[in-house]
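[1] could you look at this predicted model? Sequence included:
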Amino acid sequence: MRKISSILKKIFIFILIILFITGFSSSYNSLNLDNLAFAVAIGIDKGTSNKLKVTFEFIAPSPSSESGAETSPVLNTVECSSITNGINMMNAYLGKKVNLSHCKLIIFSEELAKNGISDEVYSLINEVQVRPSANIVVSKCNTKYYIENSVPSLESLIPRYYDIFPNTSEYTGYTCNATIGDFFNALVCNSCSPYAILGGINTSDYNSNSSENQISDNSTIKSNESPITGSRVSQNIGLAVFKDDKLAGELNAIETICFLNMRKEVDSFLVSIQNPENPEETNSKIDIYLTPNTTHKITVNLVNGAPYIKIKLEFSGKIYSMSKNSQYLNNNILNSISNSCNNYLETQFSNYLYKTSTIFESDINGLGVYALSKFSTSSKFNDYNWLDNYKNCTFDVEINTVIDSGFLLTQT
């Protein structure tokens with residue numbers, strides 16, 4: 001009896017080994033890392049011989065590189081009728097299966113975005129490997145050129161750079177963390193509109209003495225038009241605004257700051273205002289470091305059927321730029337600077353809001369959410385058609401800033 005039990009036990013173990021080997025052999029063949037090509041970025045342009053031209057950026061480890069060392073980007077482009085067909089053809093070309101689970105950046109060309117990108121966004125969202133957290137960019141140049149020039153200068157790993165740069169929105173406000181998940185949600189939303197990071201290539205020579213290259217206000221910079229030069233010529237400054245799935249226009253740096261403040265997605269930012277001590281000197285500016293307070297308030301009412309939106313924002317500020325003869329410890333001077341800052345911000349926020357409503361007709365801030373309470377049912381809100389009525393908005397902006405002197409001078 002003991003012999004029979006021992007034989008049965010051995011047979012059972014043998015069967016388990018066979019099942020284990022059989023089960024994992026096919027998995028090894030299809031899912032082995034050696035058989036996968038991981039794309040870290042996808043660029044989508046309007047095709048010449050087909051509907052689309054899709055560029056994939058892969059990272060191939062250098063033969064001599066060690067773990068964590070710099071890797072070499074590999075770009076491959078295919079003309080195709082859809083993203084799905086493009087991936088399928090790329091599988092055949094590479095001899096590997098394209099995997100999108102590590103894709104950090106999805107770039108659409110400006111030309112394609114103007115014609116509408118809903119089909120491509122829906123296809124990408126339907127692809128189970130694409131993460132909703134992947135950032136979406138609209139490039140003012142063709143996407144292959146943008147990717148080729150997005151070589152990080154302070155990071156050894158390209159995917160790491162793609163992860164980090166959108167986070168600068170938290171302390172500059174010059175760009176935003178726009179994801180394809182948020183873009184898709186806005187496409188199917190009846191109270192908000194989509195947006196994306198504005199990308200581009202700076203090829204201008206701002207070191208020349210040409211008057212057309214001189215920038216009087218750094219707050220108006222955006223990708224393709226900024227005075228920044230360096231080893232990396234790609235830039236991500238500003239915002240691409242969509243009406244439905246079509247590109248409606250662009251926002252510059254200060255307008256993007258306004259956008260982020262309305263969404264409570266910026267921790268701090270810098271503005272340059274006219275120095276009230278030298279109101280006649282155009283170039284006499286004061287740099288103010290502002291921190292939004294949590295008490296800002298947005299209310300929406302309907303007046304004769306048109307939206308009336310009141311916005312109240314509060315900021316705490318410190319003076320960054322100092323000069324020898326400035327009296328920034330004088331309360332009267334500080335109050336004057338606070339008033340100047342209030343006027344500047346009220347103008348910028350009002351201009352931004354009317355630009356989105358009357359020019360772009362796009363509620364990228366989702367202000368329609370604040371109007372929901374004015375309707376007894378969701379069907380009545382749908383019948384009102386907020387996105388069509390957003391162009392009829394009237395805005396009332398109130399800004400209150402409390403300015404201290406510089407960080408060190410207040411403590412001495």
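    Right, received. Where do you want to start?
[2] can you report how many residues lie near Lys246?
    14 (other C-beta atoms under 10 Å). For every residue, glycine as well, the C-beta is placed using N, CA and C.
[3] got the contact list for it?
    Ala113, Lys114, Asn115, Gly116, Ile117 (C-beta atoms under 8 Å, 6 or more residues apart in numbering).
[4] the last one touches Ala240, doesn't it?
    Right, the one you point to is Ile117. No. Using C-beta atoms under 8 Å, Ile117 makes no contact with Ala240, being 10.6 Å away.
[5] helix, strand, or coil at Leu75?
    strand (DSSP: H, G, I helix; E, B strand; the rest coil).
[6] ok so, going back, let's see which of the contacts of Lys246 end up in helices.
    Of the contacts of Lys246, the ones assigned to helices by DSSP state H are Ala113, Lys114, Asn115.
[7] what about the residue nearest to the second one when sequence neighbours are not counted, which helix or strand?
    When the adjacent residues along the chain are set aside, Lys114 lies closest to Leu247, with 4.8 Å between them (C-beta to C-beta, 6 or more residues apart in numbering). For Leu247, the host element (DSSP states H and E) is strand 246-251.
[8] which parts of that strand are buried?
    Leu247, Ala248, Glu250, Leu251 (16 or more other C-beta atoms under 10 Å).
[9] just give me how far the next helix or strand along the chain from it sits from the chain centre.
    Next in sequence after strand 246-251, counting helices and strands by DSSP H and E, comes helix 253-262. For helix 253-262, the gap between its own C-alpha mean and the chain's C-alpha mean amounts to 12 Å (C-alpha atoms, centre = their mean, to the nearest Å).
[10] so what does the following helix or strand past helix 253-262 touch, helix or strand wise?
    Proceeding N to C from helix 253-262, the next assigned helix or strand is strand 269-274, under DSSP H and E. Other helices and strands packing on strand 269-274, by 3 or more C-beta pairs under 8 Å, 6 or more residues apart in numbering; DSSP states H and E, are helix 253-262, strand 285-292, helix 331-354.
[11] how many degrees apart are strand 269-274 and helix 253-262 in direction?
    Counting by axes from the mean of the first three to the mean of the last three C-alpha atoms, to 10 degrees, strand 269-274 points 130 degrees away from the direction of helix 253-262.
[12] all strands of the protein, in order?
    For the chain, the strands defined by DSSP state E occupy 36-46, 52-60, 72-80, 97-99, 105-109, 135-139, 195-201, 234-243, 246-251, 269-274, 285-292, 297-303, 306-319, 394-404.
[13] dump the ones you listed to JSON lines, plus mean pLDDT.
    Formatted as JSON lines, the strands of the chain follow (pLDDT from 0 to 100):
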{"stretch": "strand 36-46", "mean pLDDT": "95"}
{"stretch": "strand 52-60", "mean pLDDT": "93"}
{"stretch": "strand 72-80", "mean pLDDT": "93"}
{"stretch": "strand 97-99", "mean pLDDT": "94"}
{"stretch": "strand 105-109", "mean pLDDT": "98"}
{"stretch": "strand 135-139", "mean pLDDT": "98"}
{"stretch": "strand 195-201", "mean pLDDT": "95"}
{"stretch": "strand 234-243", "mean pLDDT": "95"}
{"stretch": "strand 246-251", "mean pLDDT": "98"}
{"stretch": "strand 269-274", "mean pLDDT": "91"}
{"stretch": "strand 285-292", "mean pLDDT": "92"}
{"stretch": "strand 297-303", "mean pLDDT": "95"}
{"stretch": "strand 306-319", "mean pLDDT": "95"}
{"stretch": "strand 394-404", "mean pLDDT": "94"}
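[14] make a markdown table out of those strands and add distance to Ile364.
    As requested, those are exported to a markdown table (distance: least, C-beta to C-beta, whole Å):
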| stretch | distance to Ile364 |
| --- | --- |
| strand 36-46 | 21 |
| strand 52-60 | 26 |
| strand 72-80 | 30 |
| strand 97-99 | 32 |
| strand 105-109 | 16 |
| strand 135-139 | 13 |
| strand 195-201 | 4 |
| strand 234-243 | 6 |
| strand 246-251 | 9 |
| strand 269-274 | 18 |
| strand 285-292 | 18 |
| strand 297-303 | 14 |
| strand 306-319 | 14 |
| strand 394-404 | 14 |
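[15] what residue ranges in the stretch 301-412 of the chain score low on pLDDT?
    322-329, 406-412 (pLDDT under 70).
[16] if you set the cut-off to 90 instead, what comes out?
    319-337, 403-412 (pLDDT under 90).
[17] got it, and the stretch 101-250 of the chain?
    128, 151-159, 201-220, 222-234.
[18] check Asp34 and give its pLDDT.
    Asp34 is assigned a predicted lDDT (pLDDT) of 75.
[19] neighbours around it, how many?
    Neighbours of Asp34 using other C-beta under 10 Å come to 6.
[20] please determine how far it is located from Val54.
    To Val54, Asp34 is 24 Å away according to C-beta to C-beta, to the nearest Å.
[21] once you drop chain neighbours, what's closest to Gln235?
    Distance criterion C-beta to C-beta, 6+ apart; nearest residue to Gln235, sequence neighbours excluded, is Ser223 at 4.4 Å.
[22] the one you found and Gly238, how far apart?
    With distances taken as C-beta to C-beta, Ser223 is found 6 Å from Gly238.
[23] and for the two, which residues touch both?
    Joint contacts of Ser223 and Gly238 (C-beta under 8 Å, 6+ apart) are Leu198.
[24] ok so, going back, pick the most buried one from the helices and strands packed on strand 269-274.
    helix 253-262 (a mean of 24; mean count of other C-beta atoms under 10 Å).
[25] report the angle between that one and strand 234-243.
    Using the same axes, to 10 degrees: helix 253-262 against strand 234-243 is 60 degrees.
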